[in-house]
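A.B. asks: Sequence isn't available, so here's the structure alone:
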């Protein structure tokens, strides 16, 4: 069982930046980020697939969010720039042993506890 621990959430003004981090207790093939705003379903944000060395993002965050990490340290980061109020949500780290998972929740095997990101206007 792989455990995920997130850090880095907080409150920021629109246009600001935040960096989230997530460390896994074991090896994974892909680590990703999801978010859930109040009253909404949890949605895919992006992922990094260690085995193929590629990242993928949902259209709404392309050009603003960047996923990076260190596979050897089982750590992934989500750099969020030019944040908007609609980015306000609880952000969840996710991981899977699938090399190229999809964007569904069921494509991921392990989940972090979530960290709150609030963007004020």
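C.D. replies: Yes, it's here. Owing to the predicted nature of the structure, the values given are computational and were not obtained by experimental measurement.
A.B. asks: what sits against residue 23?
C.D. replies: 4-5, 73-75 (Cβ atoms under 8 Å, 6 or more residues apart in numbering). Yep, even glycine has a C-beta here, placed from its N, CA and C like the rest.
A.B. asks: would you say it is within a strand?
C.D. replies: Yes - assignment of residue 23 by DSSP: H, G, I helix; E, B strand; the rest coil places it within a strand.
A.B. asks: thinking again about what came up before, what about burial for the contacts of residue 23, which qualify?
C.D. replies: 4, 74 (16 or more other Cβ atoms under 10 Å).
A.B. asks: just checking, which of the contacts of residue 23 belong to strands?
C.D. replies: 4-5, 75 (DSSP state E).
A.B. asks: Closest one to residue 17 out of these, please.
C.D. replies: residue 75 (18.8 Å; Cβ to Cβ).
A.B. asks: Confirm for me that the closest one is in contact with residue 69.
C.D. replies: Yes - look at residue 75 against residue 69 with Cβ atoms under 8 Å: they come within range, at 5.4 Å.
A.B. asks: Please give the centre-to-centre distance between the helix or strand containing residue 68 and its chain.
C.D. replies: When elements are assigned from DSSP states H and E, residue 68 belongs to strand 65-70. Relative to its parent chain, strand 65-70 has a centroid offset of 9 Å by Cα atoms, centre = their mean, to the nearest Å.
A.B. asks: How about residue 15, nearest residue that isn't a chain neighbour?
C.D. replies: residue 82 (6.0 Å; Cβ to Cβ, 6 or more residues apart in numbering).
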